[in-house]
Each structure stands twice: as C-alpha cells, then as structure tokens.
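Asks: Curious how this folds, go ahead:
(one chain, ligands or ions: 2)
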Amino acid sequence: MKARITKDIAAAKELLDNGRLVAIPTETVYGLAANGTNILAIKKIFEAKGRPSNNPLILHFSGLDALSPYVTTISTDAKLLAEAFWPGPLTLLLPKSNKVPDSITAGLTRVAVRIPQHPLTQELLGILDYPLAAPSANPSGYISPTRPSHVQKQLGDKIPLILDGGPCTKGLESTILGWDDNGTPTIYRKGVITAEAIEKVLHQLPHNHQSKTLEAPGMLSSHYAPRTKTVLADAIDQTIAQYKKLKIGIIRFHSTIKGDPKANVEIVLSDKGSLEEVAKNLYAAMHELDGQELDLIVIEKAPETGIGKAINDRLQRSTTIV
Ligand code: TXA
Ligand code: MG
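Replies: Residues are numbered from 1 along each chain as shown. Ligands and ions are numbered 1, 2, ... in the order given. Got it, this is the predicted structure:
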C-alpha cells in the first residue's frame, strides 16, 4: 500500500490526533511525525524507521509559547538564538520538563526542540494542541528525504499520508546546538546555520562536539548513506579515471572539466557554484543515482567554507573518502 500524497492539513491532523504517523515537510528535510506526547505514537516512529530506541527525537513547535511548557528554562543565550533563527533550521538542546516523555529523549535530561519554517507545517502545528516528534523520514542510516517521492519510495508502505510541501528549500538537517557542562555553546550537528552565524549572535564561537558517544547518533559514521558504494573525492577527475571500468554515477559540486559524460551519469549540483544550492540539491541527487543500479557513486567534495563544512560533514558520514 502506498501513502497518500496531499496538501490536506485537516486529514493530517485527524491521523495525528489518532496516534498515526504522517510525513511532514520542513525547510531542512521531510520529517516522520507523530504526536510527541503520545507514547504509543512515538513508538511507531522507532518501528517504522528501524531506529534504535536510544536515539532521541526532536520535538517541533509552532512557536515559543507552545514550546515553553516542555522545557524548564530558556537561557538568555537560547532566547537570543530563538529570536535570530526561529522559525528556521536550528535545533536547541534545552533542559526537559516532565511534560516530555522519556522515550523522546532516550532518558537524557535535555530535549531537542525546533520551530520549523515551512508554511504548511507551521499551519499544521498551529492547529494541534501537542508538539510533533519528527526524525528525518528515512529508514535509519539511509539518506534523508527532501521530496515527497523520496518518502514514498522509502516508507510509503508504512505510513498513511505524506503532506506535500514540495522540495525542501535548505536540504540539510538542522544545526543542533546545546551548552556543555561548562556552559560553552556546542554544535552537536553542523547545518546551514554555521558556527560563524551563531557567533554573531552570542559573541562567542561555539565549539564542535567531539565525543563519539550516543549523545547525537546523527554525528556517528555510517549515516545518511546510499545503498550503492559511494566515494567522496577531493580530485574528482582523477578518481573517475581510477574507476573507469565501473558503471559510475558522478555528483559534481559545480561544473568544471567534464569527466566522461558519454559513459557516466552525471549530476551538477550548482552551475553557479552556490553552496546553498548544493545543499538544497545534494540528497535528491544521491537518491536519484542510488536508484540507477550503478557500481559506484563518486561525489565531489565541497570547499570547506561556510555551509560547505556541513555538506562535507554529511558526505564524510555517507561515503568512503578517497
Ligand atoms: O532538520 C532536522 O532536524 C530534521 C527535521 C525533520 O526537523 N530532523 C532530524 O531528526 O534530522 P533526526 O532524528 O533524523 O536527527 C536528530 C538528531 C539525531 O542525531 C539525534 O541523536 C539528535 O538529533 N538528538 C535528538 N535529541 C537529542 C538530545 N536530547 N540530545 C542529544 N542529541 C539529540
Ligand atoms: Mg535523521
């Protein structure tokens, strides 16, 4: 059975009110949403994704008033970030109140919260009297979806409805920021809101979280991965030449010297070389090539500046580096 793809918010609300799962559009990636206060509904998220129960979920709210009861405090810094970036692609780790079920946070004391920007999901959140728990709408470990068709392909037989908000405008999962034991702002997952953008608001450059514990499994390796063997290349034309006996799919960050367009499938992410455009198009290109029975996908590394850092971070987790 396939999910219904629709813009019908009332139908989405009815399903969610009844403890069912609905895929929702956000500016980052599509989310697999359930009533974040309903323990049985939350359990369905873990089952549908094949996600380990020790990997916590983000709660999504329509605004700060709706969010406040779910945390015990919102620090001055958190307020400044909320003002600067919400609604938008930033997730904050804040101390949870007892309104948050333990299965949301996997027993941790902080809850991940976000106010997403997509108008359709904003409208939906506005008519619900609970937050939406929503991880990315992909089977655990696979590439996140940025189009309704990606969700349909991966989870369509497990959910009744996909709310159709078109292609995601940002295309990378949200930046996750929290404060460590010393009160230092810390980035747990890189995203389109960069450390430099956060520094402008806090007047302090956030650290990057280094530990490889399960605090944010999205930071561990072997995430965001296509099923086809995929390599990340610094010098892409050399890498293509090295594998020329194989059926290769190529994802270029921008158009430079062409590899071998006759023999290979090639996608250019941004003709202009815009990193925003690269981020927006990257996962769709990976989904596209992963569906083509190739021997190998070769992806060109982005420059390590601005959101290029978040792009390369995801690529390093989904590929072998050559
Ligand atoms: O852009 C996004 O954040 C998307 C959209 C749908 O909002 N959601 C998303 O969720 O990427 P998910 O579950 O795929 O990734 C959330 C990451 C996971 O790596 C999880 O371990 C981490 O956030 N996380 C969630 N709650 C946490 C917490 N309380 N402490 C530390 N890490 C947490
Ligand atoms: Mg995810």
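Asks: So which residues of the stretch 1-150 of the chain form strands?
Replies: Using DSSP state E, counting those that start in this stretch, the strands of the stretch 1-150 of the chain run over 4-6, 22-24, 31-35, 58-60, 90-95, 110-114, 132-133.
Asks: Let me have these in JSON lines, extended by distance to Thr319 and mean pLDDT.
Replies: For glycine as for every other residue, the C-beta is placed from the backbone atoms N, C-alpha and C. Supplementary listing: the strands of the stretch 1-150 of the chain in JSON lines, determined by distance: least, Cβ to Cβ, whole Å; pLDDT from 0 to 100:
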{"stretch": "strand 4-6", "distance to Thr319": "30", "mean pLDDT": "98"}
{"stretch": "strand 22-24", "distance to Thr319": "26", "mean pLDDT": "98"}
{"stretch": "strand 31-35", "distance to Thr319": "24", "mean pLDDT": "98"}
{"stretch": "strand 58-60", "distance to Thr319": "25", "mean pLDDT": "99"}
{"stretch": "strand 90-95", "distance to Thr319": "24", "mean pLDDT": "98"}
{"stretch": "strand 110-114", "distance to Thr319": "26", "mean pLDDT": "98"}
{"stretch": "strand 132-133", "distance to Thr319": "29", "mean pLDDT": "98"}
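Asks: Close to ligand 1: what parts of the protein are there?
Replies: By Cβ under 6 Å from any ligand atom, the residues of the chain that approach ligand 1 are 26, 28-29, 31, 55-58, 91, 93, 105, 108, 110-112, 114, 116, 134-136, 173-174, 176, 188, 215-218.
Asks: Weed out the non-buried ones from these.
Replies: 26, 28-29, 31, 55-58, 91, 93, 105, 110-112, 114, 116, 134-136, 173-174, 176, 188, 215-218 (16 or more other Cβ atoms under 10 Å).
Asks: Filter those down to just the ones in helices.
Replies: When DSSP state H is applied, these are split such that Thr105 fall in helices.
Asks: thinking again about what came up before, out of the strands of the stretch 1-150 of the chain, nearest to Glu288?
Replies: strand 4-6 (18.3 Å; Cβ to Cβ).
Asks: and that closest one, which residues are buried?
Replies: By neighbour count with 16+ other Cβ under 10 Å, strand 4-6 contains the buried residues Arg4, Ile5.
Asks: thought Thr37 was touching Ser97?
Replies: No: look at Thr37 against Ser97 with Cβ atoms under 8 Å: they stay out of range, at 11.7 Å.
Asks: Between the two, tell me which one has more neighbours.
Replies: Neighbours were tallied for Thr37 and for Ser97 using other Cβ atoms under 10 Å; the higher tally belongs to Thr37 (17 against 13).
Asks: Read off the pLDDT value for the closest residue to that one other than its chain neighbours.
Replies: Distances taken as Cβ to Cβ, 6 or more residues apart in numbering place Tyr130 nearest to Thr37, at 4.7 Å, with adjacent residues excluded. We have a pLDDT of 98 for Tyr130.
Asks: what's the burial count for Tyr130?
Replies: Burial of Tyr130 is recorded as 19 neighbouring residues (other Cβ under 10 Å).
Asks: what do you get for Gly126?
Replies: If you count neighbours by other Cβ under 10 Å, Gly126 ends up with 11.
Asks: Check whether it really touches Asp65, as I assumed.
Replies: No: between Gly126 and Asp65 there is no contact under Cβ under 8 Å: 11.1 Å.
Asks: which residues of the protein fall in helices?
Replies: Per DSSP H, the chain carries helices over the ranges 9-17, 39-49, 64-67, 76-85, 102-105, 119-127, 148-155, 195-202, 236-242, 275-290, 308-318.
Asks: Need the ones you listed in a markdown table (columns: mean pLDDT).
Replies: Converted to a markdown table, the helices of the chain look like this (pLDDT from 0 to 100):
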| stretch | mean pLDDT |
| --- | --- |
| helix 9-17 | 98 |
| helix 39-49 | 98 |
| helix 64-67 | 98 |
| helix 76-85 | 98 |
| helix 102-105 | 98 |
| helix 119-127 | 98 |
| helix 148-155 | 97 |
| helix 195-202 | 98 |
| helix 236-242 | 90 |
| helix 275-290 | 97 |
| helix 308-318 | 93 |
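Asks: Reformat those helices as a markdown table; add distance to Glu266.
Replies: Shown next, in a markdown table, are these (distance: least, Cβ to Cβ, whole Å):
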| stretch | distance to Glu266 |
| --- | --- |
| helix 9-17 | 38 |
| helix 39-49 | 31 |
| helix 64-67 | 44 |
| helix 76-85 | 35 |
| helix 102-105 | 42 |
| helix 119-127 | 33 |
| helix 148-155 | 20 |
| helix 195-202 | 32 |
| helix 236-242 | 9 |
| helix 275-290 | 9 |
| helix 308-318 | 17 |
